[in-house]
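1. Coordinates only, no sequence provided:
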Ligand code: AHG
Ligand code: MN
Ligand code: MN
């Protein structure tokens, strides 16, 4: 069979699932931006893109040069096409307004332009995460600026989500709510080619991912659960578990999509005001949508992440996602 490119996949989705043409265009534009980011990332020191900007983002995190470069690439690629009503990003305090000289469209794009930025300078996989929402009609006025409330929709409202991973291969993982597809970038041809059809996450697993250095700060249910995992065959779970932690959510989630596993970034008491580290709108929601579409599960320890009603653009959330059985077990411990 001939190769199925991302463009062909999207056109076939339009035919079979009525995927709107402007959503198709949006995904193509995001994919093009990800190719550009992939190129910048792969240049590394040769492109002068490593290191920090010397600035901080709204979360008080030091911005790497590539955080800013990736953010700019996504903004420039998406602002002129007429498919978006606005954008929001980890690297911008407020919603990004589509410049008045361009038409506005029906969708909102939210992204983490470069995930895992602590790994850039050490040449370990990083990625881009994105989420697509419909802009509620009351915010669609051409003349008024878009406020943050337009974005505050639960993850169940996402019409598409995906991530690009910049690793040994550059891949794009995408869901339009109709399964999860994986495309690998053919660098010679410059196109994403469907290589992983209908990805599914095994229900059970013997592999978990968590930053163990925070153990003393965790809440009791997480401490209990990880103690049980570490107890292995002799413990109450009766099997040995393996551990991985890449510190790029994209890379950890990609491993789970490929061979199963459980990813955890719980709330901890390092900074009591913060509900964990990861951000709901552009990390937890798109990843939860992808994982659920692949047959896995995602909760904040208590409820399904996709059901959470956001109250701010940059809010944080505890995350437990991956193979269903383990997500259910650790969620059960929170409720016990
Ligand atoms: P970002 O680089 O976009 O700020 O995200 C980093 C996140 C996530 O990718 C990863 O799972 C987590 O931070 C790692 O956190 P620790 O450094 O605390 O392990
Ligand atoms: Mn991130
Ligand atoms: Mn980031």
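-> Nice, I can see it. Computed from a predicted structure; not experimentally measured. Ligands and ions are numbered 1, 2, ... in the order given.
2. What count of nearby residues applies to residue 12?
-> Number of residues near residue 12 (other Cβ atoms under 10 Å) recorded here: 12. Yep, even glycine has a C-beta here, placed from its N, CA and C like the rest.
3. Could I get the pLDDT score of the closest residue to it other than its chain neighbours?
-> The shortest distance from residue 12 to any non-neighbouring residue, by Cβ to Cβ, 6 or more residues apart in numbering, is to residue 4 (8.0 Å). Model confidence at residue 4, given as pLDDT, is 97.
4. In contact with residue 4: list those residues for me.
-> Shown in contact with residue 4 (Cβ atoms under 8 Å, 6 or more residues apart in numbering): 12, 193-194.
5. List phi and psi for the residue lying farthest from the centre of the chain.
-> The C-alpha centroid of the chain is most remote from residue 234, which lies 35.7 Å away (Cα atoms, centre = their mean). Main-chain torsions, residue 234, degrees, to the nearest 10: phi -80, psi -10.
6. Next secondary structure after the helix or strand of the chain with the lowest mean pLDDT?
-> Using mean pLDDT, DSSP states H and E, strand 52-56 stands out as the lowest-scoring helix or strand of the chain, at a mean of 84. The helix or strand immediately downstream of strand 52-56 is strand 62-64, counting by DSSP states H and E.
7. Report the distance from that next one to the chain centre.
-> Averaged C-alpha coordinates place strand 62-64 at 19 Å from its chain's average position (Cα atoms, centre = their mean, to the nearest Å).
8. quick one on the thing from earlier: export the contacts of residue 4 to TSV and tack on distance to ligand 3 and secondary structure?
-> Shown next, in TSV, are these (distance: Cβ to the ion, whole Å; DSSP: H, G, I helix; E, B strand; the rest coil):
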residue	distance to ligand 3	secondary structure
12	32	helix
193	27	strand
194	27	strand
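9. show me which of these neighbour ligand 1.
-> Among these, no residue sits close to ligand 1 (Cβ under 6 Å from any ligand atom).
10. closest to residue 166 among these?
-> Among those, residue 193 lies closest to residue 166 (Cβ to Cβ), at 16.6 Å.
11. Could you measure from the closest one over to ligand 1?
-> Residue 193 sits 26 Å away from ligand 1, going by Cβ to the nearest ligand atom, to the nearest Å.
12. What residues sit buried inside stretch 64-82?
-> Buried residues in stretch 64-82, counted by 16 or more other Cβ atoms under 10 Å: 64-71, 73-75, 77-79, 81.
13. Then stretch 5-16?
-> 5-6, 9-10, 13.
14. swap in stretch 156-166?
-> Applying 16+ other Cβ under 10 Å to stretch 156-166 flags 158-166 as buried.
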